[in-house]
Structures are given as C-alpha cells and as structure tokens.
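Predicted model and sequence follow; I will ask about them next.
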Amino acid sequence: MILISGEDIMVDRRTTKHRQLILDVLREADGHLGAKDIFRKAMERDASISLATVYRNLQLFEELGIVDGKRLDKTRCWYELKRSGEHCDVVCTSCGRVIAFESPSIDKLVREVEAQSEFTVTKAVLYLEGYCRKCGGETAPESTGGKE
C-alpha cells in the first residue's frame, strides 16, 4: 500500500522506501518536476537512491495511474501526481518553467470531442508554449529571423 496525500492507494506492488520517497517528493512539489529534479530532491533525503530507480518507479506509477508524465517538448518530460479532472500546462520556451491551470473550457472541449466522434476520451494532454514574465515580459522576445 502506498500513501499519497493522506489516502492509502491499493496497488499490486509492494511499497518500498524509495517508492514512497519518490511519491513524497512529487506530493510536496510546487509544480511539475523532471526525473532528474525528483532524483536530486530524493537524494537529499536518501543518498542510496539511484536515477535508474527513479525512472523505473515513475514508469510503474504511470502504469498504475498514480502519476502523470507529460512530454512537453522533444526532450523534456515532467511528472506530477495524477489530478482529478483535466488541466492545461503553460510552458516557458526560454526557461522551461511549467504552470498548470484548470479551465472549464478543457472539460467542455473533451465533451464536445466525445459527442462529435466515436471516442471516449480517457486522457487529454494540452499545453501552451510562450514566455513567462521573467523571460519575455508581456510579449515574446523579438525573433532574430534565424540570424545570430
């Protein structure tokens, strides 16, 4: 049994101290974390954890439906505990900061897609790219037009 947010979640895997540690790091996170971020935070508490253990358990947690892993571009994947309901992520293309937000429009879009197609949507992944205020202010930095 694995403890998440004060609730016991029954899984068909044994609980290990590293599994619980990874989930604790995710639960305490203020936003999304990459696997290496999770590893660094876990290492602060238990130096015996390995990066391979983090990757293996993140994959297991995704399979069990405990964690959502989102590939937000070609090279980065971010993890968070699974939430109820769909949400959207905004990603800064400069610094990589990720902010999650919920909107009734997302649920409305999912219902509309289901009504107009022969699909039952089981997962919606939506993210927007842009520049956070630190990196680009109110508008994106000017393009160099391919010139450096």
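Received, thanks. Residues are numbered from 1 along each chain as shown.

can we go C-alpha only for contacts and neighbour counts from here?
Will do.

Nearest the middle, which residue of the chain would you pick?
For the chain, residue 79 is the residue whose C-alpha lies nearest the centre (Cα atoms, centre = their mean; 3.1 Å).

which ones are touching that one?
By Cα atoms under 8 Å, 6 or more residues apart in numbering, the contact set of residue 79 is 26, 32, 33, 34, 35, 67, 68, 69, 70.

Can you point out the buried residues in the strand or helix carrying residue 53?
In this structure, residue 53 sits in helix 51-64 according to DSSP states H and E. Buried residues in helix 51-64, counted by 16 or more other Cα atoms under 10 Å: 54, 57, 58, 61, 62.

Now those residues in TSV, please, with extra columns for distance to residue 119.
TSV is the format used below for those (distance: Cα to Cα, whole Å):
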residue	distance to residue 119
54	34
57	30
58	28
61	25
62	22
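
check which helix or strand covers the residue nearest to the residue nearest to the centre of the chain when sequence neighbours are not counted.
Sequence neighbours aside, residue 69 is the residue nearest to residue 79 in space, at 4.5 Å (criterion: Cα to Cα, 6 or more residues apart in numbering). Assessed by DSSP H and E, residue 69 sits inside strand 67-71.

How about the secondary structure of residue 110?
Three-state assignment for residue 110 (DSSP: H, G, I helix; E, B strand; the rest coil): helix.

Pull the contacting residues for it.
Contacts of residue 110 by Cα under 8 Å, 6+ apart are 121, 124.

mind redoing it with 10 Å?
86, 120, 121, 122, 123, 124 (Cα atoms under 10 Å, 6 or more residues apart in numbering).

Centre of the chain to the helix holding residue 53, how far?
Centroid separation for helix 51-64 versus its chain: 13 Å, with Cα atoms, centre = their mean, to the nearest Å.

So what touches it?
Under Cα under 10 Å, 6+ apart, the answer for helix 51-64 is 10-13, 18-23, 35-36, 38-40, 42-43, 65-69, 79-82.

What segments of this protein are helices?
Along the chain, counting by DSSP state H, helices occupy 17-28, 35-45, 51-64, 104-116, 133-136.

Those: which one's closest to residue 91?
Closest approach to residue 91 among the helices of the chain (Cα to Cα): helix 133-136, 11.6 Å.
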